[in-house]
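For reference, the sequence and a predicted model appear below.
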Amino acid sequence: MLLSRLAHVSQEVAATSARSRKIALLAELFRGADADDVPIVIPYLAGRLPQGRLGIGWKLLGRPVTPASEPSLTVRDVDARLTAVGAVTGTGSQAERGRLMGELMAAATGAEQAFLRGLLTGEVRQGALDAVAVEGLAEATGAPPADVRRAVMLAGSLRTVARALLAQGPAALDDFRLTVGRPVLPMLAHTAASVAEAVDKLGACAVEEKLDGIRVQLHRVGDDVRIYTRTLDDITDRLPELTAAALELKGDRFILDGEVIALDGDGRPRSFQEIAGRVGSRVDVATAAAAVPVSPVFFDALSVDGRDLLDLPFTERHAELARLVPEPMRVRRALVSGPDGGAAAEKFLADTLARGHEGVVVKALDAPYSAGRRGASWLKVKPVHTLDLVVLAAEWGHGRRTGKLSNLHLGARTADGSFAMLGKTFKGMTDAMLTWQTERLTELAVEENGYVVTVRPELVVEIAYDGLQKSTRYPAGVTLRFARVVRYREDKTPAEADTVETLLAAHPEVTR
Ligand code: AMP
């Protein structure tokens, strides 16, 4: 396919607000495409590069190049040239990248140049395009749209399904059925600010413990058990306990979704780091298993007795799970509904936290399993921890944040009146905050060393974080997980900032 055709259709799609017209335009485009074109055409239409980021910014694109008078570039040609630009490394790479980009731009017409500029700078990004492309593909190939959507969900890739559909027609969709032994991307959760909000949104729902371990998808076919991570890596060999547990179950063809955790002698969960360390160690599995034995806790069933359950409501999937998996291996849950639902859910959350788990996941009872999606029917609720910390230093930002002091070094008070650094964050800041903190921190600067500006420890900032983890890099032996700025606390002095001691006391799960 010629790039000029794609550039033209892209513009037409952007110019119309009617969804049906967008679908018709894409269907026509796909009908004229080769199967090998679509894996490039689809991301280009959405304003993305199949290669991900290539780091070709305005600097390389800025120079005007005389456009070609006639279109000759094909999309595959462009894709190959851009791959080549991305592959240039080493000394003189900038000049070489510039040369290759110059050649590409010279081969493009004016309209194509404009399209490429938009694509490479991310300016033509169209977020909702993939959903429209699914409909367009269905229309172009005569496949039912719902079947295409499901195939994309199971393949975890629109491009893969598109290529197969164009090459083989609707029959290709048979290759993307849920198959025991072939992992699918797990369903993900959105965040809700409180259980009350979650219950309010979902109505009748299950409130489940949120366990802080490693997500696992377990497949069993006969005596063959396979375990996959959330990114579909096969970790079967690292978790012999799970294979043993799966072989105990009364069924020999199923897919279960769950979390692997480790419990201490009192039945309380061990820290995420210990579990991650255990799951990550592949050399001496037997020794690792003896030191940190793990157990699976399942919360969903995707397939039982070879029957695909994905489209069933959660209630029915859970009934299948309960038939197969005995209670201790299922996640603890409460069913709530009606006006008292919120209060019952609050109580369950409080009990869950008291047992040492990180929060709850609230799930709609009537929702199907949306593989690979952050569905609105699963809402996670974790108590947000906040701390008032002191800014010890800040790093100059880059990209959009060039010229701004961005990454903050955060400290808590210590017993001797000094500050111990707990970690860094550049998250949660608004543009106004960035401007403000750059000015304020510049006033407080005492030393500049490369990109790090050390400041007088006077500014207090409220930080939200998800938990603590052990760290050898920081003096208190711990660091914050997912720290982000909430706001500056100019009303507080550094002497009122939180201390390392109170922080450690608040997280016995890490210090135990
Ligand atoms: P997060 O990683 O914070 O986005 O939270 C979602 C993750 O929580 C899932 O990917 C699971 O690994 C984990 N999780 C723990 N308990 C549950 C549960 N009961 N239901 C669903 N996910 C859970």
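Here it is on my side, so go on.

which one's the longest strand in this structure?
strand 385-396 (DSSP state E).

what's the following helix or strand after that one?
In the C-terminal direction, the helix or strand that comes right after strand 385-396 (DSSP states H and E) is strand 405-413.

And the strand or helix carrying Val216, what's buried?
Using DSSP H and E, Val216 sits in strand 214-221. Residues of strand 214-221 classed as buried under the neighbour-count rule (16 or more other CB atoms under 10 Å) are Ile214, Val216, Gln217, Leu218, His219, Arg220. C-beta: built from backbone N, CA, C; applies to glycine.

and that strand, which strands flank it?
When sheet partners are counted by DSSP bridges, strand 214-221 sits next to strand 224-228 (antiparallel), strand 253-261 (antiparallel).

buried set for the helix or strand following the longest one?
In the C-terminal direction, the helix or strand that comes right after strand 253-261 (DSSP H and E) is helix 272-280. Within helix 272-280, the residues scored as buried using 16+ other CB under 10 Å are Phe272, Glu274, Ile275, Arg278, Val279.

Just give the nearest non-adjacent residue to the first one, would you?
The one in question is Phe272. Closest residue in space to Phe272, ignoring its immediate chain neighbours: Asp212 at 4.8 Å, by CB to CB, 6 or more residues apart in numbering.

how deep is the one you found tucked in, by neighbour count?
Other residues within reach of Asp212, judged by other CB atoms under 10 Å, total 23.

Quick check: it touching Glu358?
Yes. Asp212 is within contact range of Glu358, at 4.4 Å (criterion: CB atoms under 8 Å).

Could you list which residues are in contact with the closest residue to Thr315 other than its chain neighbours?
By the measure of CB to CB, 6+ apart, the closest residue to Thr315 outside its immediate chain neighbours is Leu365, 4.7 Å from it. Counting by CB atoms under 8 Å, 6 or more residues apart in numbering, Leu365 makes contact with Ala204, Cys205, Ala206, Pro313, Phe314, Thr315, Leu335.

And Trp58, by the same measure?
Under the criterion of CB under 8 Å, 6+ apart, the contact list for Trp58 reads Thr121.

Quick check on it: phi, psi?
Per-residue torsions, Trp58: phi -60, psi -30 (degrees, to the nearest 10).

How about the one 10 residues further on?
Backbone torsions of Ala68, given as degrees, to the nearest 10, read phi -70, psi 150.

Run a quick neighbour tally on it.
Under the neighbour criterion other CB under 10 Å, Ala68 is assigned a count of 16.

Kindly report the same for Arg76.
Neighbours around Arg76, by other CB under 10 Å: 16.

wouldn't it be in contact with Ala35 here?
No. Taking contacts as CB under 8 Å, Arg76 lies outside contact range of Ala35: 11.6 Å.

Now do the SS call for the residue in the stretch 51-200 of the chain that the ligand sits nearest to.
Of all residues in the stretch 51-200 of the chain, Ala189 sits closest to the ligand, with a separation of 4.7 Å (CB to the nearest ligand atom). Put simply, Ala189 is strand when judged by DSSP: H, G, I helix; E, B strand; the rest coil.

Fine by me, we can end here.
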